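In: Just a sequence and a predicted model for now, questions to come.
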Amino acid sequence: MLTRKLVIIGDSLFADTLLESIGNSESVEIVGTAANPEESETLIRALSPDVVIVAGTELPVSINLILNNFPDLPIIHASLSKNQVYVITNHSIDSSIKEILNAISELPQRGHHDVVGN
């Protein structure tokens, strides 16, 4: 079985609970923890995790530090306030209109949702 290396970012009881719960998994090795994205940068460079989990209600703006410095590193945002997790990845493209339109056309089709009018 493939073991994935993981860094957990967060300084809450929820982050501690994730650390304890996920730490018991045979498929994941928690290689480090950090209180915030700024502190995680050194860990990520040194430990080369396969994924980062950001545990907290809101995704910190400083997550851009990870997205910019480690563009191939997936980030999972887990929150107690929502019954969902978000997987965030970074895909760089040229900023030409043609490349932007190509990126839009390659996005997966979203379900049709009722739009609430004004």
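Out: Happy to help now that I have it. Please read these numbers as outputs of a predicted model, since none were measured by experiment.

In: the strands in the chain, which residues?
Out: Using DSSP state E, the strands found in the chain span residues 4-9, 28-34, 51-55, 75-78, 85-88.

In: average pLDDT for the last one?
Out: Average pLDDT, strand 85-88: 84.

In: Packing partners of it?
Out: strand 75-78 (3 or more C-beta pairs under 8 Å, 6 or more residues apart in numbering; DSSP states H and E). C-beta here means a position set from N, CA and C on the backbone, and glycine is covered the same way.

In: how far does the strand it packs on sit from the chain's center?
Out: Centroid displacement of strand 75-78 relative to its chain, using C-alpha atoms, centre = their mean, to the nearest Å, is 4 Å.

In: ok so, going back, let me have the strands of the chain in a markdown table, extended by distance to Glu41.
Out: Below are the strands of the chain laid out as a markdown table (distance: least, C-beta to C-beta, whole Å):
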| stretch | distance to Glu41 |
| --- | --- |
| strand 4-9 | 10 |
| strand 28-34 | 8 |
| strand 51-55 | 11 |
| strand 75-78 | 13 |
| strand 85-88 | 16 |
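
In: would you turn those strands into TSV with distance to Thr42 and mean neighbour count?
Out: Listed next are those as TSV, based on distance: least, C-beta to C-beta, whole Å; neighbours: other C-beta atoms under 10 Å:
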stretch	distance to Thr42	mean neighbour count
strand 4-9	11	21
strand 28-34	8	18
strand 51-55	13	22
strand 75-78	17	19
strand 85-88	21	12
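
In: and the nearest residue to His91 once chain neighbours are set aside, how far is that from Ser95?
Out: Leaving out its chain neighbours, the residue that sits closest to His91 by C-beta to C-beta, 6 or more residues apart in numbering is Ala103, at 7.4 Å. Distance from Ala103 to Ser95, counting by C-beta to C-beta, to the nearest Å: 10 Å.

In: the more surrounded of these two?
Out: Ala103 (12 against 7; other C-beta atoms under 10 Å).

In: how close does the more buried one get to Ala46?
Out: For Ala103 relative to Ala46 (C-beta to C-beta), the value is 32 Å.

In: Likewise for Val54?
Out: Relative to Ala46, and taking C-beta to C-beta, Val54 is found at 19 Å.
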